[in-house]
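In: Requesting a structural model of the entry that follows:
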Amino acid sequence: MPPNLFSYIQVRVDESRHNGEFVLTGSQHFQLSERISQSLAGRSANFYLLPFSNEELRLGNWLPNDYENLLLQGSYPRVYDQQLEPIDFYPSYIENYIERDVRQLIHVSDLSKFQLFARLCAGRIGQLFNLNAIGNDAGVDASTVKRWFSLLESSFMTFSLQPYFKNYNKRLLKTPKLYFYDTGIACSLLGIRTLEQLNTHYLKGALFENFVIVEIMKQFYNRGIRPQCYFWRDNTGHEIDLLVEDGANLFPVEIKSGRTIQPEFFKGLDFFHKISGNPLSNGYIVYGGDLQQPRSNGTVTGWKEMPQFV
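Out: Sure, this is the predicted structure:
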């Protein structure tokens with residue numbers, strides 16, 4: 001944005017007192033922020049628009065019948081609006097992102113190493129973010145991994161889900177987990193091109209978990225609210241995939257890609273309810289099927305109808 005144009009907007013906003021007169025948009029929010037030197041504190045509102053949500057896909061009659069199709073296609077608008085094949089759209093998107101944005105924003109002497117780093121991140125979806133392990137595999141040091149991952153986060157490619165720190169008389173893990181904002185990009189980085197490859201891939205369950213977490217986060221972002229989302233795990237292996245905090249309320253969500261409801265789906269919820277005293281009615285199971293069932297120890301809901309928190 002030219003500095004003189006921004007100065008005009010700033011003066012106009014101060015003089016007119018008319019909210020919503022200017023909308024500054026862009027897919028590269030880090031570059032937009034760098035080019036704006038003046039502060040808009042108290043005079044602006046920031047909104048993060050992630051790729052399509054289930055609700056938006058349903059309104060456009062684009063929501064697939066099976067979640068596997070959605071994992072593979074991702075949720076980028078152009079894929080649906082232009083009826084593009086994921087195998088055509090995402091590799092070009094990733095290549096352009098790395099060749100243009102990465103080269104402009106950080107000094108990378110060997111772009112192939114950054115490409116390898118991005119693929120390694122995709123291979124660790126739903127896992128604890130280990131700087132040293134990724135660095136060793138990518139052939140770079142931990143500080144470089146931290147800098148590169150910060151770029152992926154700033155460009156809304158990836159995010160880290162932070163652990164919930166409240167101690168229920170257990171030692172808790174304090175390392176964040178790694179996720180992508182869109183599973184279509186993740187599948188492309190993993191080399192998953194067909195449904196057959198997805199169905200036999202070792203990360204299918206993690207990709208479904210990724211999808212559900214981001215879908216719930218979109219509920220908040222699409223309403224201008226920053227989501228308070230975490231995961232919980234103790235050092236003995238007990239875990240809750242997602243904790244949604246809303247004021248004094250805490251909603252544990254377990255995510256299962258299977259299409260048949262199994263008793264073991266509830267083990268994590270049962271343990272968490274027992275040690276935390278959290279109300280049983282606050283717990284949810286989101287699974288790969290379609291049934292919606294209230295249970296004594298939580299509510300079961302299919303992937304098409306996520307729990308609504310806002």
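
In: Kindly confirm my reading that Trp232 is in a strand.
Out: Yes. The assignment for Trp232 (DSSP: H, G, I helix; E, B strand; the rest coil) places it in a strand.

In: Show me where this structure has its strands.
Out: With DSSP state E, the ranges of strands along the chain come out as 158-161, 177-180, 229-233, 239-246, 249-256, 284-287, 293-295, 298-302.

In: Out of those strands, which is closest to Ile125?
Out: Using C-beta to C-beta as the criterion, the shortest distance between Ile125 and those is 6.0 Å, found for strand 177-180. Bear in mind the C-beta positions are built from the backbone N, C-alpha and C, glycine included.

In: so what pLDDT did Ile98 get?
Out: Looking at Ile98, its pLDDT is 80.

In: In TSV, list the strands of the chain along with mean neighbour count, mean pLDDT and distance to Asp110.
Out: Below are those laid out as TSV (neighbours: other C-beta atoms under 10 Å; pLDDT from 0 to 100; distance: least, C-beta to C-beta, whole Å):
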stretch	mean neighbour count	mean pLDDT	distance to Asp110
strand 158-161	19	96	20
strand 177-180	25	98	22
strand 229-233	21	95	34
strand 239-246	20	96	36
strand 249-256	22	96	37
strand 284-287	25	98	40
strand 293-295	12	93	52
strand 298-302	20	96	45
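
In: Asp66: which of these is closest?
Out: Using C-beta to C-beta as the measure, strand 298-302 is the one of the strands of the chain that comes nearest Asp66, at 11.5 Å.

In: and the angle for that closest one with strand 249-256?
Out: With axes from the mean of the first three to the mean of the last three C-alpha atoms, to 10 degrees as the basis, strand 298-302 and strand 249-256 are set at 50 degrees to each other.

In: Give me the helices and strands touching strand 298-302, please.
Out: Secondary-structure packing of strand 298-302 (3 or more C-beta pairs under 8 Å, 6 or more residues apart in numbering; DSSP states H and E): strand 284-287, strand 293-295.

In: I'd like the ones you listed laid out as a markdown table, including distance to Leu172.
Out: Putting the helices and strands packed on strand 298-302 into a markdown table (distance: least, C-beta to C-beta, whole Å) gives the following:
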| stretch | distance to Leu172 |
| --- | --- |
| strand 284-287 | 21 |
| strand 293-295 | 27 |
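
In: can you tell me which of the strands of the chain comes nearest to Ser112?
Out: Of all the strands of the chain, the one in closest proximity to Ser112, counting by C-beta to C-beta, is strand 158-161 (19.0 Å).

In: which residues of the stretch 101-250 of the chain score low on pLDDT?
Out: Applying pLDDT under 70 to the stretch 101-250 of the chain flags residues 169-170.

In: Could you rerun that using 90?
Out: Where the stretch 101-250 of the chain drops to pLDDT under 90, the residues are 101-113, 151, 154-155, 165-174, 234-237, 247-248.

In: and the chain, what are its domains?
Out: Listed by automatic domain parsing, the domain ranges of the chain are 3-35, 54-302.

In: export those to TSV and tack on distance to Phe47?
Out: Compiled in TSV, the domains of the chain are given as follows (distance: least, C-beta to C-beta, whole Å):
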stretch	distance to Phe47
domain 3-35	9
domain 54-302	6
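
In: most neighbours per residue, which of those?
Out: Counting by mean count of other C-beta atoms under 10 Å, domain 54-302 has the highest mean neighbour count of these, with a mean of 17.
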